[in-house]
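# A predicted structure for the sequence below; I have some questions about it.
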Amino acid sequence: MAQQAERSEHTVSHRAMELLVSGLFVAVSCLVMYDNWRIGARWGTDGPQAGYFPFYIGVIMFIASATTFGTHLMARHEGSESFVGRSELVRVVQVLVPTVVYVLLIGYLGLYVASAIFIAFFMAWLGKYPLWKIVPVAILIPVALFFMFEVWFLVPLPKGPLETALGY
Amino acid sequence: MEALTSLIHGFGVLADPMNIVYMFIGIFLGVLIGVLPGLGGANGVAILLPLTFSMSPVSAIIMLSSIYWGALFGGAITSILFNIPGEPWSVATTFDGYPLAQKGRAGEALATAFTGSFFGAFVATLLLTFLAPLIARFALQFGPAEFFSVYLLTFCSFVGMGKESPFKVISAMMLGFALAAVGLDTVTGQLRMTFGTTELLRGFDFLVAVIGLFGVGEILLTMEEGLAFKGKTAKINFRVVLQTWKELPKYWVTAMRGAIVGCWMGITPGGATPASFMSYGLAKRFSRNGPKFGTGEIEGVLAPETAAHAAGTSALLPMLTLGIPGSPTAAVLLGGLLIWGLQPGPLLFVEQRDFVWGLIASIYLGNVAGLIVVLTTVPLFAAILRVPFSIIAPIILVICAVGAYTVHNALLDISVMLVFGVLGYLFKKLGYPLAPLVLALVLGDMAESSFRQAMLVSQGSVRIFWSNPLVGSIVTLALVMLFWPLISRALGRLRTRGRAPVQAE
């Protein structure tokens, strides 16, 4: 970690993130306005059309987010500090990437097996735990989930090849 | 005294021993949720909601609301022992709670926090018992215009009372409305913003959004801070509790003030978090010990906790009577009511007496149960907090994934949750508030339909919103709240510059 701290901690400026997020808001609001105008946002023969309410939601969102965008665009010297430090960003990505992989795995392996792998990976990689500590946690949690959901509350969770092999 | 007989009837509903068991389970889970980072009242209730589908609505709401009370209690434990607020509303509790723990007076601080919470909740529940039936009866006469005006007031209050930039509040809120509109329009049967995909037909479920925004987002934030729990040990025994209770009546003014601030902020959708800050600020200003606040004053723990719990409880009042939740967690509970086929609003008091009064009675019992549970189990929860984050974090993420999946048994929802998680992280960092987004997502359909009905009545003229004194004054008040940031700035400029502007800090 010491080596990382010596490197520049700067990643992306706060202002840039403000611009990005408010820019996304503007884009979303345009999308909302476009699609609702398409299906009709005016007064029909029998009352407001389907897009009437959401269209104006889009208009208000556009005005508000464009203002945010504009103020940050004008204030060129403010918010030049880092949005997130490099080592902090690394920690966030360290959680985010395995979680994305985990979510993808659920589709193939079922939730229980994927959870066991996810917990084991997390403990081994970030926690640096010895194997004898990892294995019980990684197995007991999914098993507990299984009994709680499938058996006790009768709520089915996504299952994969292992559960099929076991007859569930 | 009609309310009293109804209340006694409500206690009768509770007599089923299973309901008491559910209450204790709920409280216990709630404290656990409140203690763990990344699991809060709102997403905790959202995750556990699908588990209650097989229960009767009365048992389900008792368990879910007990989770909520437990979470309100639990937030204080981490704030005081670890200087880490388990919940946003317990941030103010850290100011004096942690210094007290450092001085070795953790037991006193905890006992104060729990007792204050209990007191705040009790006052709010009294208010709920006696005021709710009156409001409900009054609201029975509401037409669509009145309902829309109340929705408008709710959302405008976020702009007026929020600490965030008003434009960001509006952006976040409108995003909620826009997401709520995705899918099939129930009036015309047209598809809105689905862009030809079948997945979007169902629209966005707010439960999935809540789990992502509050759960996954919070984990990412906690990870960024590189959390290492370094807690004080908690020794809480009966003697310390009694000693604290002997001392507390001295601070009854602070407690009352906290409860009133909390009730007010809970009913108007300020929520527990601003209530706790405001109460802390007021206590600091008016207390004789004010200057010593921040160094470990019992009053500094009492004030925010009382207000937070009062706000959390009174947030149920507008939810039950008008169908408008005062906080994100109340919004999730409202979502639960809708799933069980109960339409929140004034009619609930007429048609579902068992349910409403069972719930209100359970709040009384739930808080007594909560007080007992937290006073006896603090060491256990403190021990749970010593489990390193690298074990807790994946488990919480797994629980979030399970929660998101079980809402609709849809795999896609887990990915949607993840996207909302990243959004939640960005929004938190940039100061976009999450509460209005969630509330707009929950209330979007109802707000839209009341707006449409009002427009149909008036044939498209907005004058209907000033057609009678009631709706007119609510709409005007809403507009005042909407433009409050501008108004207060103008007022501030009119005043002489010598005086500091009144702030709740």
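It's in.
# So the residue nearest in space to the middle of chain B versus B:Val416, what's the distance?
Residue closest to the average C-alpha location in chain B (C-alpha atoms, centre = their mean): B:Ser327, at 3.6 Å. To B:Val416, B:Ser327 is 23 Å away according to C-beta to C-beta, to the nearest Å. Bear in mind the C-beta positions are built from the backbone N, C-alpha and C, glycine included.
# same thing with B:Ala478?
For B:Ala478, the distance to B:Val416 equals 32 Å [C-beta to C-beta].
# okay, those two: which has more neighbours?
Counted by other C-beta atoms under 10 Å in any protein chain shown, B:Ala478 and B:Val416 do not tie: B:Ala478 has more neighbours, with 23 against 19.
# how near is that one to B:Thr197?
Between B:Ala478 and B:Thr197 the distance is 36 Å, computed by C-beta to C-beta.
# next one: B:Ser56
Distance, B:Ser56 to B:Thr197, using C-beta to C-beta: 37 Å.
# With neighbour numbers in mind, choose between those two.
Neighbour count, other C-beta under 10 Å: between B:Ser56 and B:Thr197, B:Ser56 has more, with 16 against 8.
# you'd agree B:Thr112 is up against B:Ile298?
Yes: in this structure, B:Thr112 is within contact of B:Ile298 by C-beta atoms under 8 Å, at 5.2 Å.
# so what sits against both of these two?
Counting by C-beta atoms under 8 Å, 6 or more residues apart in numbering or on different chains, the residues touching both B:Thr112 and B:Ile298 are B:Thr244, B:Leu248.
# Tell me which of the two has more neighbours.
Regarding B:Thr112 and B:Ile298, a neighbour count based on other C-beta under 10 Å identifies B:Thr112 as having more, with 32 against 24.
# Buried ones in the helix ranked longest in chain A, by neighbour count?
Looking across chain A with DSSP state H, the single longest helix is helix A:14-39. Using 16 or more other C-beta atoms under 10 Å in any protein chain shown as the test for burial, helix A:14-39 gives A:14-15, A:17-23, A:25-26, A:28-29, A:32-33, A:35-36, A:39.
# for stretch A:39-52, same thing?
Those would be A:Ile39, A:Gly40, A:Ala41, A:Gly47, A:Pro48, A:Gln49, A:Ala50, A:Gly51, A:Tyr52, for stretch A:39-52 by 16+ other C-beta under 10 Å.
# got a list of contacts for it?
With C-beta under 8 Å, 6+ apart as the test, stretch A:39-52 has contacts from A:35-38, A:54-56, B:185, B:187-188, B:190-192, B:452, B:455-456, B:460.
# got the buried residues of stretch A:39-52 as a markdown table, with distance to B:Gly281, pLDDT and secondary structure columns?
Formatted as a markdown table, those follow (distance: C-beta to C-beta, whole Å; pLDDT from 0 to 100; DSSP: H, G, I helix; E, B strand; the rest coil):
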| residue | distance to B:Gly281 | pLDDT | secondary structure |
| --- | --- | --- | --- |
| A:Ile39 | 48 | 83 | helix |
| A:Gly40 | 49 | 80 | coil |
| A:Ala41 | 44 | 77 | coil |
| A:Gly47 | 48 | 72 | coil |
| A:Pro48 | 44 | 78 | strand |
| A:Gln49 | 48 | 80 | coil |
| A:Ala50 | 46 | 80 | coil |
| A:Gly51 | 44 | 82 | coil |
| A:Tyr52 | 43 | 83 | helix |
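# Can you classify B:Gly44 by secondary structure?
Following DSSP: H, G, I helix; E, B strand; the rest coil, B:Gly44 is assigned to helix.
# how deep is it tucked in, by neighbour count?
32.
# just A:Trp152 next, same as before
Neighbours of A:Trp152 (other C-beta under 10 Å): 10.
# And A:Gly70, by the same measure?
14.
# mind checking which helix or strand it is in?
helix A:52-74 (DSSP states H and E).
# just so I have it, where are all the strands in the stretch 51-200 of chain B?
Secondary structure of the stretch 51-200 of chain B (DSSP state E, counting those that start in this stretch): strands located at B:183-184, B:191-192.
# Run the chain-centre distance for the first one.
Centre-to-centre, strand B:183-184 and its host chain are 28 Å apart (C-alpha atoms, centre = their mean, to the nearest Å).
# what's the answer for stretch B:102-116, then?
Offset of stretch B:102-116 from its chain centre (C-alpha atoms, centre = their mean): 23 Å.
# Dead centre of chain A: give me the residue that sits there.
Short answer for chain A (C-alpha atoms, centre = their mean): A:Leu96, at 8.1 Å.
# My guess is it contacts B:Leu397. True?
No: using C-beta under 8 Å, A:Leu96 makes no contact with B:Leu397, being 10.2 Å away.
# shaky segments in the stretch 1-150 of chain B?
Applying pLDDT under 70 to the stretch 1-150 of chain B picks out residues B:1, B:37-38, B:84-88.
# now residue 138, nearest residue through space, not along the chain?
Defaulting to chain A. Leaving aside its sequence neighbours, A:Ala138 sits nearest to A:Ala120 (C-beta to C-beta, 6 or more residues apart in numbering or on different chains; 3.8 Å).
# that's the wrong chain, I wanted chain B
Closest to B:Phe138 by C-beta to C-beta, 6+ apart is B:Pro346, at 7.9 Å.
# Do you know the pLDDT at that neighbour?
If you check B:Pro346, the pLDDT there is 82.
# Same question for the one 10 residues further on.
The per-residue pLDDT reported for B:Val356 equals 84.
# helix or strand for it, which one?
helix B:353-385.
# Can you list the helices and strands that that helix packs against?
Applying 3 or more C-beta pairs under 8 Å, 6 or more residues apart in numbering or on different chains; DSSP states H and E, we find helix B:353-385 packed against helix B:2-14, helix B:17-35, helix B:57-82, helix B:106-139, helix B:316-322, helix B:346-351.
# And that helix, what's buried?
Residues of helix B:353-385 classed as buried by neighbour count (16+ other C-beta under 10 Å): B:355-367, B:369-371, B:373-375, B:377-378, B:381-382, B:385.
# Deepest-packed of the helices and strands packed on helix B:353-385, please.
Counting by mean count of other C-beta atoms under 10 Å in any protein chain shown, helix B:57-82 has the highest mean neighbour count of those, with a mean of 28.
# ok, and does that one reach over to chain A?
No: Helix B:57-82 lies out of reach of chain A by C-beta under 8 Å from any C-beta of the partner chain, never closer than 11.8 Å.
# Next, the angle helix B:17-35 makes with that helix.
Helix B:57-82 and helix B:17-35 are oriented at 30 degrees to each other (axes from the mean of the first three to the mean of the last three C-alpha atoms, to 10 degrees).
# Against which helices or strands is helix B:57-82 packed?
The contact analysis (3+ C-beta pairs under 8 Å, 6+ apart) places helix B:57-82 against helix B:17-35, helix B:41-48, helix B:91-102, helix B:106-139, helix B:298-314, helix B:328-339, helix B:353-385.
# got JSON lines for the ones you listed, with distance to B:Gly162 too?
Output for these, formatted as JSON lines (distance: least, C-beta to C-beta, whole Å):
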{"stretch": "helix B:17-35", "distance to B:Gly162": "24"}
{"stretch": "helix B:41-48", "distance to B:Gly162": "17"}
{"stretch": "helix B:91-102", "distance to B:Gly162": "16"}
{"stretch": "helix B:106-139", "distance to B:Gly162": "22"}
{"stretch": "helix B:298-314", "distance to B:Gly162": "15"}
{"stretch": "helix B:328-339", "distance to B:Gly162": "14"}
{"stretch": "helix B:353-385", "distance to B:Gly162": "27"}
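# what residue of chain A is the furthest out?
What lies farthest from the middle of chain A is A:Thr45; by C-alpha atoms, centre = their mean that is 42.3 Å.
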